[in-house]
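**Student:** 3D, please:
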Amino acid sequence: MADTAPARREILLNAFDMNCVVHQSPGLWRHPRDRADRYVDLSYWIDLARTLERGKFDALFLADVLGVYDVYGGNTDTALREATQVPLGDPTLLVSAMAAATEHLGFGVTCTLSYEPPFTFARRMSTLDHLTRGRIGWNIVTGYLDSAARGVSGDARQKGHDTRYAVAHEYLDLVYRLWEESWEDGAVLRDRASGVFTDPARVHRIRHDGEHFRLDSIHLSEPSPQRTPVLFQAGTSGKGRDFAARHAECVFMAAPSKAVAAGYVSDIRRRTAETGRGADAVRIFNLTTAIVGRTDAEAREKHADYRRYVSHAGALALMSGWTGIDFSAYDLDEPIRYIRNEAVHSAVESFTTADPDRIWTVREVAEWVGIGGFGPLLVGSAATVADEMEAWIAETGIDGFNLAYVVTPETFTDIADLLVPELQRRGRYKTEYRPGTLREKLFDNGPRLALPHPGAARRHPA
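**Tutor:** Numbering: from 1, shown residues only. From the prediction side, this is the model:
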């Protein structure tokens, strides 16, 4: 077991899922024990939420996209044939039911700011924060598929990568004002005797006339338990890391190796410290897939069984969408080279420039992505997987893992029933949830954003 005695930090775990058939393991929906094709059945999500809470998961992290994967081969045929993140439902509509069935589990929901007005989005997040009693988080993304732009606005292409981040900074400043500034603490009286529900003098109109947005209104929702949801961010390009340093409370990476992850973590913490927030102001999670068995041999047997169902075409359709590179035009044994475009810069960086000592071929990437996506795959008994998790924590500086599934709910059930007890035995995982909101559970410092976070700076003075 890795020697981590100097810093026995509690390991954080999120489950990583999506309101669709195939999320990160293309082809595995065909496995006889997989139930992902029940994604349209609300009982599927309620049962999953209860399993995750039994395993003391910190949150269910729900991915989303607003387009289809049509880069591979220049059309949607492969994505549709393989159910590669299409058909796809709205993740936000799942949360209320899962929250009603649980008490502590958090929910990190991906919402693309490029295609929704800040005014209506702010209300949706406030509503979810109320209905979950403060257990909602927002994974801030700017989008990466041109097909989303064509679907939402009719534009042939999305805005440029760097432009999207410039829009995102203004967007965040505006929703901070709606969540933190519009309604003072104590504005809501609920005074039956006087008949006054809200004191108008303590509700303030937000006026904004910026480069990308204009608004003149009060926030429609009364203050929720957290006001601002816990802020996740899932981009590790240069612009993404700058954005995370200013805004993110939790950063989601998808580094395939410890060497790549350690470089990202060090740079993100340095940039966060330079903003004045402190190097440890963010919790950093890496995408990881764990196949856990009662023994190493059993886990290896599961892995071999799962591999028989992997769809290489589905994997390359995902990879093409993530990177903006049509891998159908490449020979399978051709090495991948860095190409800058307007898709996810960190996606292609992870397999090229981020680790110059490793050269990946298209075939190797298809095999890698075929089970669990970009992140590493851990296979073994609970003790073996726990060893490797501790090594990742010690060698990279991450705080925890976003755990993708191979077969659902089997992957998450194995983690809850086999891996979590082993981590608890080692003192590396909570045995009970902390009380309070998702922010309090993750940071133990109150339900609301704390200074010097720029959102907290928008808070209306008492």
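
**Student:** give me phi/psi at residue 424?
**Tutor:** Torsion angles at residue 424 (phi, psi; degrees, to the nearest 10) stand at phi -70, psi -40.

**Student:** same check, this time on residue 11
**Tutor:** Phi and psi for residue 11, reported as degrees, to the nearest 10, are phi -80, psi 140.

**Student:** Roughly how far does it sit from residue 56?
**Tutor:** As judged by CB to CB, to the nearest Å, residue 11 and residue 56 stand 11 Å apart. Quick note: C-beta positions are derived from backbone N, CA and C, even for glycine.

**Student:** Overlap of the contact sets of those two?
**Tutor:** residue 429 (CB atoms under 8 Å, 6 or more residues apart in numbering).

**Student:** Looking at those two, which one has more neighbours?
**Tutor:** Between residue 11 and residue 56, counted using other CB atoms under 10 Å, residue 11 has the larger neighbour count: 21 against 18.

**Student:** pLDDT wise, what is that one at?
**Tutor:** pLDDT, residue 11: 98.

**Student:** from what I can see it touches residue 394, true?
**Tutor:** No - applying CB atoms under 8 Å, one finds residue 11 not in contact with residue 394, separated by 11.0 Å.

**Student:** in this protein, which ranges drop under the pLDDT threshold?
**Tutor:** The chain contains residues with pLDDT under 70 at 1-7, 156, 337-358, 462.

**Student:** Try it again at 80.
**Tutor:** Residue ranges of the chain with pLDDT under 80: 1-8, 143-144, 148-149, 152-161, 235-237, 332, 335-360, 460-462.

**Student:** tell me which residues form a beta bridge with residue 198?
**Tutor:** On the basis of DSSP bridges, residue 198 is bridged to residue 188.

**Student:** Please report how far it lies from residue 158.
**Tutor:** According to CB to CB, residue 198 stands 40 Å off from residue 158.

**Student:** who's more crowded, those two?
**Tutor:** The neighbour comparison of residue 198 against residue 158 (other CB under 10 Å) goes to residue 158, with 26 against 14.

**Student:** so that one is in which element?
**Tutor:** Using DSSP states H and E, residue 158 sits in no helix or strand.

**Student:** Quick check: phi and psi at the nearest residue to it once chain neighbours are set aside.
**Tutor:** Leaving out its chain neighbours, the residue that sits closest to residue 158 by CB to CB, 6 or more residues apart in numbering is residue 149, at 4.1 Å. With angles defined as degrees, to the nearest 10, residue 149 sits at phi -60, psi -40.

**Student:** Contacts made by stretch 187-204 with the rest, please.
**Tutor:** For stretch 187-204, contacts defined as CB under 8 Å, 6+ apart pick out 181-184, 186, 218, 222-223, 460.

**Student:** send the alpha carbons of that stretch over as PDB?
**Tutor:** Taking Å, rounded to 0.1, in the frame of the first residue of the first chain, the C-alpha atoms of stretch 187-204 are listed here in PDB:
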ATOM      1  CA  ALA A 187     -35.800  39.800   2.900                       C
ATOM      2  CA  VAL A 188     -38.400  37.000   3.200                       C
ATOM      3  CA  LEU A 189     -40.500  37.600   6.300                       C
ATOM      4  CA  ARG A 190     -43.400  35.100   6.000                       C
ATOM      5  CA  ASP A 191     -45.200  37.300   8.400                       C
ATOM      6  CA  ARG A 192     -48.800  36.000   8.600                       C
ATOM      7  CA  ALA A 193     -49.900  38.700  11.100                       C
ATOM      8  CA  SER A 194     -48.900  41.600   8.900                       C
ATOM      9  CA  GLY A 195     -49.600  39.900   5.600                       C
ATOM     10  CA  VAL A 196     -46.100  40.700   4.400                       C
ATOM     11  CA  PHE A 197     -44.200  37.800   2.700                       C
ATOM     12  CA  THR A 198     -41.200  39.800   1.300                       C
ATOM     13  CA  ASP A 199     -39.900  43.100   2.300                       C
ATOM     14  CA  PRO A 200     -39.500  45.000  -1.000                       C
ATOM     15  CA  ALA A 201     -36.800  47.300   0.400                       C
ATOM     16  CA  ARG A 202     -34.500  44.300   0.800                       C
ATOM     17  CA  VAL A 203     -34.900  43.000  -2.800                       C
ATOM     18  CA  HIS A 204     -32.700  44.700  -5.400                       C
END
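
**Student:** Much appreciated, bye for now.
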